[in-house]
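**Student:** everything below, folded, please.
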Amino acid sequence: MIVPMNKIFVAVRGKDQDEFMNTLRELGVLHLVPVAPDKAVAGEQTLQKIHDLSRAAHLLAAIEPSEHTPDLDSGAAAEQALDVIQKIPEYTTRLAATEKQIKANALWGNLCRADIQEVREAGLMVGFFRIPVNEIDQVEASCVEDLGPFGKSHRLLAIAGRELDRLSLPDSSQEVEAPIKDLPTLKAEAKNLEGEIKSLEQALRDLANLKEEIETEARKLALEANWTVAVKSGVSAHEIYAVTGWIPEQEGGKLANKLAQAGIPAAVQTLPPNLDEDPPTLVQTPRWARPIEGLFQILGTTPGYREFDLSGSFLIALPIFSAMLIADGGYGLLMFLIAAVFYKKLSAKFGAPLAQLTMIIGGVSILWGFVISSFFGFGDAEFTAAGGLLANIGAVLAKLKLIDGTFTADNVVRDIMRLSFVIGTIHMSLGHLKRSVRYFPSLKGLANLGWAIFLWGMLFVVQTLVLELPFPVIGPYLLGVGAILVVAFTNPQKNVLKTIASGIGDLPLSALSTLSDTISYIRLMAVGLASTILATTFNGLAVELASGATWIAGALVLIIGHGLNIGLAVIALFAHGVRLNMLEFSQCLGMAWNGTQYKPFSSKITKEI
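**Tutor:** Prediction:
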């Protein structure tokens, strides 16, 4: 549920300001609203230091610490870490460019420019020429050395003699200057750069031992910045200090008592929010639905204060959609086992809700795998054909199977497609019904009831257009009743004619949008079909390689192929599963997801800060 908020005004004596703010920070219930937002900011230097410390700690977290800890304070360690992290890519780029030069100059061998100059000073003329391969026999000189290919159709020749101007060379020959940096010099530079990179990497491993100290300092400075912003959010006048903000309704009446218990005389006034005000949103997720918080943390979305808490709806719908998109019980089993075995590590790194959500999606995917009889691209027929213990597994899968997940028959594809449309209709109509209940007793609620009815009529339209199923007798009645309710109650006015005209004007585009939204649920079938085809294709390739070449090659194809397919399934989960909830379903509820998150002034600072 979205917790009701009250606007609150608190005034204390000016001399009690620090004690009052300390008490507010310990209570951690008041979301402050700055009286003068342009003044309620921390110093730029403090914010920059917090940013540098946080960034350094984040980057060092991915580095394995060494056995040596530098004798540096957290600020100096963070500064050095950021400097080193910036230098490593620079040095790596320089090393790559030097190695490219070494490769390009390989045909010059260990020839040094100093050696050439020394020979020339001794009176022997030395030159290098780029000559077409088919014209090399035209070269006449006392000493000619073929250094190697110089392009696709040319060679590089080294020619020496007492007087180069008496040489006989083809007209197409071109004199080439020796590289400014010879090969020995380039190799020495590359070696120095490699040494520098190793030193920098070692320095990072040493600095990684100070990660916790850097994080602690970042949190300390964040608390100071938070305090500065909070104090500047209030206003002082005539020996009175006052703040304003938002507080949960159940906490508003307790604040004055808590301040009195702390020995701080205060004037406290709470008011319900006006319709034109937009309080921050505090969502109290039901205990059973808390795993979905992991998804909302990733998306960074917050419903508006007057919108809906969709945590329960998302937790029910998302695993079902995900299972149909993944379309393989074996992949679900892997997800479940990985999340279960590494639960503590995943919870520490990403939070317990996300680890729990992964297990739920994995579990539902396993169940869907039994429904369609598909595990790692193998169905009951393949398991039965393998014989032995696998044949017993195949027999069990055949009994539990409700739909043939191999998608080998047209009627199977049609069945899953039809199921996708039905699920979509249930999903969206529930959204309209939920919105209708919210509007009650307003007549606008009847318009949403109309859309819920209209959706079921539209389902039959989609089935007729896409699946070529006969249009049922009840279809026109559902469309008609739904359309009448929509036209009559979308924008009810005293003037009935204006109401009807407005409703009729909006109906065509809205009906087309409903048709499009219903069809969009076909992605549940399409993506699942693609996943199944990829899995069976990789299985076929692996079998061919194992029988024709070696089982090692077949095993590699299985691992790489199914790994790729699992990665695509995870992408599909966000691209399609989340989309159907965030767009199609949320649109039925009128959700804009433009809320401001409730952030009370508190002594608790998140690790990300």
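
**Student:** where exactly do the helices run in the stretch 101-250 of the chain?
**Tutor:** In the stretch 101-250 of the chain, the helices defined using DSSP state H, counting those that start in this stretch lie at 113-121, 183-207, 211-233, 249-261.

**Student:** which stretch among those helices comes nearest Gly528?
**Tutor:** helix 211-233 (42.9 Å; CB to CB). In this view, the C-beta of every residue, glycine as well, is placed from N, C-alpha and C.

**Student:** returning to what we had before: could the helices of the stretch 101-250 of the chain be laid out in JSON lines, adding mean neighbour count, mean pLDDT and distance to Leu541?
**Tutor:** Output for the helices of the stretch 101-250 of the chain, formatted as JSON lines (neighbours: other CB atoms under 10 Å; pLDDT from 0 to 100; distance: least, CB to CB, whole Å):
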{"stretch": "helix 113-121", "mean neighbour count": "12", "mean pLDDT": "71", "distance to Leu541": "55"}
{"stretch": "helix 183-207", "mean neighbour count": "16", "mean pLDDT": "91", "distance to Leu541": "40"}
{"stretch": "helix 211-233", "mean neighbour count": "19", "mean pLDDT": "91", "distance to Leu541": "45"}
{"stretch": "helix 249-261", "mean neighbour count": "15", "mean pLDDT": "88", "distance to Leu541": "61"}
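
**Student:** can you list those helices in TSV and add distance to Ser142?
**Tutor:** TSV is the format used below for the helices of the stretch 101-250 of the chain (distance: least, CB to CB, whole Å):
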stretch	distance to Ser142
helix 113-121	14
helix 183-207	26
helix 211-233	68
helix 249-261	100
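
**Student:** so which of those comes closest to Ala592?
**Tutor:** The minimum distance between Ala592 and the helices of the stretch 101-250 of the chain falls on helix 249-261, with 23.0 Å, by CB to CB.

**Student:** which other helices and strands does whatever helix or strand comes next after that closest one contact?
**Tutor:** Later in the chain than helix 249-261, the nearest helix or strand by DSSP states H and E is strand 266-271. Packed against strand 266-271, as judged by 3 or more CB pairs under 8 Å, 6 or more residues apart in numbering; DSSP states H and E, are the following elements: strand 5-13, helix 249-261.

**Student:** please state the offset of the helix or strand just after strand 266-271 from the chain centre?
**Tutor:** For strand 266-271, the following helix or strand on the C-terminal side (DSSP H and E) is helix 293-299. The gap between the average C-alpha position of helix 293-299 and the chain average comes to 10 Å, counting by CA atoms, centre = their mean, to the nearest Å.

**Student:** follow-up on the earlier one: would you turn the helices and strands packed on strand 266-271 into a markdown table with distance to Gly329?
**Tutor:** Listed next are those as a markdown table, based on distance: least, CB to CB, whole Å:
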| stretch | distance to Gly329 |
| --- | --- |
| strand 5-13 | 45 |
| helix 249-261 | 45 |
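
**Student:** and the strand or helix carrying Gln587, which residues are buried?
**Tutor:** Secondary structure assignment for Gln587, by DSSP H and E: helix 586-589. Using 16 or more other CB atoms under 10 Å as the test for burial, helix 586-589 gives Ser586, Cys588, Leu589.

**Student:** what residues are up against the first one?
**Tutor:** Taking CB atoms under 8 Å, 6 or more residues apart in numbering as the criterion, Ser586 is in contact with Leu310, Gly431, Trp593.

**Student:** from the residues you listed, which land in strands?
**Tutor:** Residues of those located in strands (DSSP state E): none.

**Student:** and which of those residues is nearest to Leu512?
**Tutor:** For the contacts of Ser586, the nearest to Leu512 is Gly431 (18.2 Å; CB to CB).

**Student:** surely Ile326 is in contact with Ala569?
**Tutor:** Yes - using CB atoms under 8 Å, Ile326 is in contact with Ala569, at 4.5 Å.

**Student:** and the helices of the stretch 101-250 of the chain: which comes nearest Ala488?
**Tutor:** helix 249-261 (36.0 Å).

**Student:** gap between the closest one and the chain center?
**Tutor:** The answer for helix 249-261 is 40 Å, by CA atoms, centre = their mean.

**Student:** what helices and strands are in contact with that helix?
**Tutor:** strand 5-13, helix 17-27, strand 266-271.

**Student:** nearest to Leu221, out of those?
**Tutor:** helix 17-27 (15.6 Å).

**Student:** how far off strand 266-271 does that closest one point, in degrees?
**Tutor:** 50 degrees (axes from the mean of the first three to the mean of the last three CA atoms, to 10 degrees).

**Student:** helix 17-27 - contacts with which helices or strands?
**Tutor:** helix 211-233, strand 240-248, helix 249-261.

**Student:** buried residues in the second one, which are they?
**Tutor:** Along strand 240-248, these residues count as buried under the neighbour rule (16+ other CB under 10 Å): Tyr241, Ala242, Val243, Thr244, Gly245, Trp246, Ile247, Pro248.

**Student:** find the least confident helix or strand in this structure, judged by mean pLDDT.
**Tutor:** When each helix and strand of the chain is scored by mean pLDDT, DSSP states H and E, helix 113-121 comes last, with a mean of 71.

**Student:** wait, what's in contact with Asn6?
**Tutor:** Asn6 touches Trp246, Ile247, Pro248, Glu249, Gly252, Thr270, Leu271, Pro272, Pro273, counting by CB under 8 Å, 6+ apart.

**Student:** which residues does it form beta bridges with?
**Tutor:** For Asn6, the beta-bridge partners are Ile247 (DSSP bridges).

**Student:** for the contacts of Asn6, which one is nearest His562?
**Tutor:** Looking across the contacts of Asn6 and measuring by CB to CB, the closest to His562 is Pro248, at 48.1 Å.

**Student:** which ones are touching the closest one?
**Tutor:** Pro248 touches Val3, Pro4, Met5, Asn6, Val29, Leu282, counting by CB under 8 Å, 6+ apart.

**Student:** the third one and Val283 touch, don't they?
**Tutor:** Spelled out, that is Met5. No - using CB under 8 Å, Met5 is not in contact with Val283, being 11.9 Å away.

**Student:** more neighbours: which of those two?
**Tutor:** Set Met5 next to Val283 and count neighbours by other CB atoms under 10 Å: Met5 wins out with 24 against 17.

**Student:** residues contacting that one?
**Tutor:** Met5 makes contacts with Trp246, Ile247, Pro248, Glu249, Pro273, Pro279, Pro280, Leu282, Tyr305, Tyr598, as judged by CB under 8 Å, 6+ apart.

**Student:** again, 10 Å this time
**Tutor:** Applying CB atoms under 10 Å, 6 or more residues apart in numbering to Met5 gives the contacts 31, 245-249, 251-252, 270, 272-273, 277, 279-282, 305, 598.

**Student:** would you mind measuring from it to Lys152?
**Tutor:** Per CB to CB, to the nearest Å, Met5 is found 74 Å from Lys152.

**Student:** ditto for Ser233
**Tutor:** From Ser233 over to Lys152 (counting by CB to CB), the distance is 71 Å.

**Student:** contacting residues for Trp593?
**Tutor:** Trp593 touches Leu299, Gly300, Thr301, Thr302, Pro303, Gly304, Glu307, Leu310, Met582, Ser586, counting by CB under 10 Å, 6+ apart.

**Student:** quick check: the first one touching Met582?
**Tutor:** Yes - A contact is recorded between Leu299 and Met582 when judged using CB atoms under 10 Å, the distance being 7.5 Å.

**Student:** these two: which is more packed in?
**Tutor:** Met582 (17 against 12).

**Student:** quick one: contacts for that one?
**Tutor:** Leu295, Leu299, Thr301, Leu310, Phe314, Met591, Trp593.

**Student:** no further queries at this time; thank you.
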